[in-house]
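Q: Let's see this in three dimensions:
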Amino acid sequence: MMSHNSRPAASLAKIVSRLLGWPSSACSIQNGTCPQQINGSDCGVAVVAVAEHVWQHSHPNPSSLRSVSLDQYRSELLDRMSEQVERAYTDTS
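A: Here you go, the predicted structure:
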């Protein structure tokens, strides 16, 4: 099943392959599921959650994230960012 993102994803994979000097067949596109925001304001949080999940796992499976966990993730992300800002402020003082 193709999603409305399939064509742009294939185009991006082709560009990335070319930039890395790989054959275009080296990057394949696989449809999968990702968490969906349940309101109109969590899109950025969802993108960061999926990106972090993919980064941390050698075999990414963003579908293991659930939309309900985005509220918790937003809170954790805010805590982590606040700690970084506080640490940076303390280091420069």
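
Q: Going by C-alpha atoms from here, please, whenever you check contacts or count neighbours.
A: Noted.

Q: Next, the buried residues of the helix or strand of the chain with the lowest mean pLDDT.
A: One helix or strand of the chain scores below all others by mean pLDDT, DSSP states H and E: helix 43-56, with a mean of 80. Within helix 43-56, the residues that count as buried by 16 or more other CA atoms under 10 Å are 45-46, 49-50, 53.

Q: Check stretch 12-31 too.
A: 13-14, 17.

Q: could I have it exported to CSV, CA atoms only?
A: Provided in CSV are the C-alpha atoms of stretch 12-31 (Å, rounded to 0.1, in the frame of the first residue of the first chain):
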residue,chain,number,x,y,z
LEU,A,12,14.7,11.6,-1.0
ALA,A,13,16.2,8.1,-0.9
LYS,A,14,17.5,8.5,-4.4
ILE,A,15,19.1,11.8,-3.5
VAL,A,16,20.7,10.5,-0.4
SER,A,17,22.0,7.4,-2.3
ARG,A,18,23.6,9.7,-4.9
LEU,A,19,25.1,12.0,-2.2
LEU,A,20,26.7,9.0,-0.5
GLY,A,21,27.9,7.5,-3.7
TRP,A,22,25.7,4.4,-3.4
PRO,A,23,23.7,2.7,-6.1
SER,A,24,20.1,3.9,-6.1
SER,A,25,19.0,0.4,-5.0
ALA,A,26,21.0,0.7,-1.7
CYS,A,27,18.2,2.8,-0.1
SER,A,28,14.8,1.1,-0.1
ILE,A,29,11.6,2.5,1.1
GLN,A,30,9.3,0.4,3.4
ASN,A,31,5.9,1.5,4.4
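
Q: The chain should start at 54 in everything you say after this.
A: From this message on, residue numbering opens at 54, which makes the last subject stretch 65-84.

Q: Tell me how many other residues crowd residue 61.
A: 10 (other CA atoms under 10 Å).

Q: Against residue 67, how distant is it?
A: 10 Å (CA to CA, to the nearest Å).

Q: Using PDB, write out every CA atom in the least confident helix or strand of the chain.
A: Output in PDB follows, covering the C-alpha atoms of helix 96-109 (Å, rounded to 0.1, in the frame of the first residue of the first chain):
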ATOM      1  CA  CYS A  96       3.300  17.200  15.200                       C
ATOM      2  CA  GLY A  97       6.800  18.500  16.200                       C
ATOM      3  CA  VAL A  98       6.800  16.300  19.300                       C
ATOM      4  CA  ALA A  99       5.800  13.300  17.200                       C
ATOM      5  CA  VAL A 100       8.600  14.000  14.600                       C
ATOM      6  CA  VAL A 101      11.200  14.400  17.400                       C
ATOM      7  CA  ALA A 102      10.000  11.200  19.100                       C
ATOM      8  CA  VAL A 103      10.200   9.200  15.900                       C
ATOM      9  CA  ALA A 104      13.600  10.600  15.000                       C
ATOM     10  CA  GLU A 105      15.000   9.900  18.400                       C
ATOM     11  CA  HIS A 106      13.600   6.300  18.300                       C
ATOM     12  CA  VAL A 107      15.100   5.700  14.900                       C
ATOM     13  CA  TRP A 108      18.400   7.100  16.000                       C
ATOM     14  CA  GLN A 109      18.600   5.000  19.100                       C
END
